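Student: Fold the following and give me the result.
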Amino acid sequence: MKPLKHLKFLLAVTLLLGGTAANAQKLKKNQFNNPLAVQRADPHVWKTTDGTYYFVATVPEYDRLEIRRSNTINGIKEAQPVVVWRKHEKGAMGNHIWAPELHQINGKWYIYFAAGSVEDKWAIRKYALSNASADPTKGEWKEEGEIVSSPNQFTLDATTFEHKGQRYMIWVDRAPAKLTNTSLFIARMTSPTTLDDKQVVISSPEHAWETQGHRVNEAPAVIIRNGKVFVTFSASATDANYALGLLWAEESADLLDTASWHKLPEPVFYTNERLKRFGPGHNSFIVAEDGKTDVMIYHARDYKEINGEPLYDPNRHTRARVLRWTKDGMPDFGQELDDNEMALKKGKQAKKARKR
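Tutor: All right, here's what the predicted structure looks like:
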């Protein structure tokens, strides 16, 4: 390399690294270096009692499950993915590997995910893997088989949570109404991989914003705060119409009684063209490093127009933002704020952001 070219190269590298460092220094507490993961949709993060974060998501090839490990949420960006399972070459679990969730239950790790078969990629069913290792990026992942539900026709997006000593699963299945694609179901779990026979619908697409492109309720995520069990869900097609809705039930209510669940008539988080946030959805919740701040992990695109089927556009990127709470105990998703404005304390800065 000639001296002048060498000097230009060093200068370019210095400016690049300097800019990266400057950007990192500008981040305030609970702000995030978004996107946390490029081309990773349906993100789910689990935080262990020792503060370690584990990240899983759908890869655009729809062919494998991988885990990233980090001591911080921002560290997910640089964490190396460890492939823990690959799709089958024939039969079930051989196509459309979607929406993994990683959970630690009674000291054992489980990954819940959806998959089609090699012969029929739309024969989507729920499956589970287990691992007894302390670190889910190590040890052996065992196939636990299908998690069977009713009607078990097109079923995916399983999430699980414990409430008042009882473990529940919420998932997506073919809706009873013929005009609806999918609804949200809930049941008690009799083990980490089996469901009780009583399974009820808690939400179906009924409002206009839930029926754009497809009549869909999917991707449930649970957060229990302020005396309520909150469930976010995603609706409509996976393009710029994709949006988050909100359900909730009182903590003391019977979660298997459909009447216990309330649903907001409008979406709580949706496309914002000014912020270049298109089709946000399929989120999970986690607590920040300070042990008290709630964080929402979600995916979105940064452009609106998509060539072809949105499902095969790879550019849904994982992002993170603080989740605020209103005085009456409801979640505040900050629709008009960008991701890092959400970390600002309520006051002049946040008010200025809203007025822009």
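
Student: quick check: mean pLDDT across stretch 212-223?
Tutor: What stretch 212-223 shows for mean pLDDT is 97.

Student: which residues sit against it?
Tutor: The contact list for stretch 212-223 (C-beta atoms under 8 Å, 6 or more residues apart in numbering) reads 42, 99, 156-157, 159, 161, 170-172, 175, 179-184, 203-205, 210, 229-237, 239, 241, 245, 281-285, 294, 323, 331. Where C-beta positions appear, they are placed from N, C-alpha and C, glycine not excepted.

Student: isn't there a helix covering Trp209?
Tutor: Yes. Using DSSP: H, G, I helix; E, B strand; the rest coil, the assignment for Trp209 is a helix.

Student: For the remainder of this discussion, apply numbering that starts at 29.
Tutor: That works, and once the first residue is 29, the last one we named lands at Trp237.

Student: Tell me which residues touch it, please.
Tutor: Ala263, Ser264, Asn269, Ala271, Gly273, Glu294, Pro295, Tyr298 are the contacts of Trp237 under C-beta under 8 Å, 6+ apart.

Student: try 6 Å this time
Tutor: Residues in contact with Trp237, defined by C-beta atoms under 6 Å, 6 or more residues apart in numbering, are Ala271, Pro295.

Student: quick one: it and Arg347, what's the gap?
Tutor: From Trp237 across to Arg347, the span is 21 Å (C-beta to C-beta, to the nearest Å).

Student: that older thread, which of the contacts of stretch 240-251 fall in strands?
Tutor: 70, 127, 184-185, 187, 189, 198-200, 210-212, 231, 257-263, 273, 309-313, 322, 359 (DSSP state E).

Student: which residues in this protein form helices?
Tutor: Assigned by DSSP state H, the helices in the chain fall at 31-54, 376-383.

Student: mean confidence score for the first one?
Tutor: Confidence for helix 31-54, expressed as mean pLDDT, is 43.

Student: Domain-wise, how is this structure divided?
Tutor: The chain breaks down into these domains under the TED database: 69-174, 178-383.

Student: Of those, which is nearest Lys56?
Tutor: domain 178-383 (6.0 Å; C-beta to C-beta).

Student: pLDDT below threshold where in the protein?
Tutor: The chain contains residues with pLDDT under 70 at 29-53, 205-206, 373-384.

Student: now the residue sitting nearest the centre point of it, nearest residue through space, not along the chain?
Tutor: Geometric centre of the chain, nearest residue: Asn311, 3.0 Å, by C-alpha atoms, centre = their mean. In space, and not counting its chain neighbours, Asn311 is closest to Tyr326: 3.8 Å by C-beta to C-beta, 6 or more residues apart in numbering.

Student: Which parts of the stretch 29-178 of the chain are strands?
Tutor: 69-75, 81-86, 92-98, 110-114, 123-133, 136-144, 153-159, 170-174 (DSSP state E, counting those that start in this stretch).

Student: neighbours around the closest residue to Gly357 other than its chain neighbours, how many?
Tutor: Nearest residue to Gly357 in three dimensions, chain neighbours excluded: Asn254, at 3.4 Å (C-beta to C-beta, 6+ apart). Asn254 has 14 neighbouring residues, counting by other C-beta atoms under 10 Å.

Student: Look up how far Lys355 lies from Asn254.
Tutor: On the measure of C-beta to C-beta, Asn254 and Lys355 end up 10 Å apart.

Student: I'd say Asp201 and Phe213 touch.
Tutor: Yes. With contact defined as C-beta atoms under 6 Å, Asp201 counts as touching Phe213 (5.2 Å).

Student: residue contacts, Ile314?
Tutor: With C-beta under 6 Å, 6+ apart, Ile314 has these contacts: Val73, Lys75, Val323.

Student: got it, and Gly255?
Tutor: Per C-beta under 6 Å, 6+ apart, neighbours of Gly255: Glu279.

Student: just the buried members of the ones in strands among the contacts of stretch 240-251?
Tutor: 70, 127, 184-185, 187, 189, 198-200, 210-212, 231, 257-263, 273, 309-313, 322, 359 (16 or more other C-beta atoms under 10 Å).

Student: Going by neighbour count, which residues of stretch 153-161 are buried?
Tutor: Result for stretch 153-161 [16+ other C-beta under 10 Å]: buried residues Arg153, Lys154, Tyr155, Ala156, Leu157, Ser158, Asn159.

Student: ok, now stretch 164-176?
Tutor: Buried, per 16+ other C-beta under 10 Å, within stretch 164-176: Pro164, Thr165, Trp169, Glu172, Glu174, Ile175.

Student: Check stretch 57-76 too.
Tutor: 58-65, 67-75.

Student: quick check, distance from that stretch to the centre of its chain.
Tutor: 9 Å (C-alpha atoms, centre = their mean, to the nearest Å).

Student: gap between the two ends of it?
Tutor: 21 Å (C-alpha to C-alpha, to the nearest Å).

Student: what's the answer for stretch 113-125, then?
Tutor: 10 Å.

Student: Not counting its own residues, what contacts that stretch?
Tutor: So stretch 113-125 is contacted by Tyr90, Asp91, Arg92, Leu93, Ala143, Gly144, Ser145, Val146, Lys149, Tyr155, Trp169 (C-beta under 6 Å, 6+ apart).

Student: can you do 8 Å?
Tutor: For stretch 113-125, using C-beta under 8 Å, 6+ apart, the contacting residues are 86-87, 90-93, 139, 141-153, 155, 157, 169, 171, 174.

Student: ok, of those residues, which come out buried?
Tutor: 86-87, 90, 93, 139, 141-145, 151-153, 155, 157, 169, 174.
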